[in-house]
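*Asks:* Any chance you could fold what I've pasted below:
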Amino acid sequence: MATLEVKDLHVEVEEEQENQTREILKGVNLTMKTGEIHAIMGPNGTGKSTLSQTIMGNSAYHITKGDILLNGESIVDMPVDERARKGLFLAMQYPAEIQGVTNAEFLRAAINARRAEDDQISVMAFLKELDKNLALLDMSQEMTERYLNEGFSGGEKKRNEILQLLMIKPSFALLDEIDSGLDIDALQVVSKGVNSMRGDNFGALIITHYQRLLNYIVPDVVHVMMDGQIVKSGNADLAKKLESEGYAGLRDELGLDVSLVDDNR
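*Replies:* Sure thing, here's the model as predicted:
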């Protein structure tokens, strides 16, 4: 069983227009294990995406205090590729497009990057696993021959990231608004892919605004972030309460005075 622990994490970013820094995360504490699905909800501007980007190692986010531990080992000084090889995976709200590299080429390279030189996946084993996961996600073989995300619709990009998740098999997946822009059919397919990964060797941290995703991927733990901190945690019923009562009710319950800004951090 693997563990991912965030300890008293403080993070700031540079404000380009004002030429100064601003603190986004103000002491986040979070512990999760494989076998668990955690969801993070909260108003825009409270640090949800900043948390996922910082865990993955985006250099635009500067840690000023605290630590991130993967199986007890600090990863704050590790580059993104090393974190990925150790078992972290980030599915972003807006996946990048890469010309000249097909989906199939990218997937096989990503799988082999996590394996020893004498344990590289064979072509036949790769194609067998690929065909199985394409069928699960209702994706065509033609998708694997296209350049990575180039010309893909929003829904195709989301399915493609879940295909990467299924093929790479990370220990922990950070899923940042994977439901954004999806119609109900695509949402069901994407959720089916994530649910197929559930088990003792996989954990996920899902960032979402909406209960509708959590109707399909039922979380073990729900966290609410406000003003750069996790202010409350509970089971799946907490998300349903937020859906019916909104964040204002929770702020009043906790006696918080938090401005709801809309800068998608």
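
*Asks:* Same question for the strand or helix carrying residue 112: list its buried residues.
*Replies:* Under the criterion of DSSP states H and E, residue 112 resides in helix 103-113. By neighbour count on 16 or more other CB atoms under 10 Å, the buried set for helix 103-113 is 103-104, 106-108, 110-111. The C-beta positions use only the backbone N, C-alpha and C, and glycine is treated the same way.

*Asks:* State the next helix or strand along the chain beyond it.
*Replies:* Next element after helix 103-113 (DSSP H and E): helix 123-136.

*Asks:* buried stuff in that next one?
*Replies:* Buried, per 16+ other CB under 10 Å, within helix 123-136: 126, 129-130, 133-134.

*Asks:* Just give me the closest of those to residue 36.
*Replies:* Using CB to CB, residue 133 is the member of the buried residues of helix 123-136 that lies nearest residue 36, at 22.7 Å.

*Asks:* who's in contact with the closest one?
*Replies:* 163, 166-167, 193 (CB atoms under 8 Å, 6 or more residues apart in numbering).

*Asks:* What is the nearest of the buried residues of helix 123-136 to residue 28?
*Replies:* Among the buried residues of helix 123-136, and counting by CB to CB, the member closest to residue 28 is residue 133, at 32.8 Å.

*Asks:* What distance do you get for the closest one to residue 77?
*Replies:* To residue 77, residue 133 is 34 Å away according to CB to CB, to the nearest Å.

*Asks:* ok so, going back, mind putting the contacts of residue 133 in JSON lines, neighbour count and distance to residue 51 included?
*Replies:* JSON lines is the format used below for the contacts of residue 133 (neighbours: other CB atoms under 10 Å; distance: CB to CB, whole Å):
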{"residue": "163", "neighbour count": "21", "distance to residue 51": "25"}
{"residue": "166", "neighbour count": "20", "distance to residue 51": "24"}
{"residue": "167", "neighbour count": "21", "distance to residue 51": "25"}
{"residue": "193", "neighbour count": "23", "distance to residue 51": "23"}
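
*Asks:* Please name the nearest non-neighbouring residue to residue 187.
*Replies:* Excluding the flanking residues, the one nearest residue 187 by CB to CB, 6 or more residues apart in numbering is residue 179, at 5.8 Å.

*Asks:* Count the neighbours of the one you found for me.
*Replies:* 22 (other CB atoms under 10 Å).

*Asks:* same deal with residue 27?
*Replies:* Quick note: residue 27 (other CB under 10 Å) scores 14 neighbours.

*Asks:* before we move on, back to that, on the pLDDT front, check the residue nearest to residue 187 for me.
*Replies:* On pLDDT, residue 179 comes in at 89.

*Asks:* Any chance you could list what contacts stretch 118-132?
*Replies:* So stretch 118-132 is in contact with 104, 107-108, 111-112, 115, 141, 144, 167, going by CB under 8 Å, 6+ apart.

*Asks:* Strands of this protein, residue ranges please.
*Replies:* Using DSSP state E, the strands of the chain run over residues 3-15, 20-33, 37-41, 62-70, 73-74, 88-91, 98-102, 147-148, 172-176, 203-207, 221-226, 229-234.
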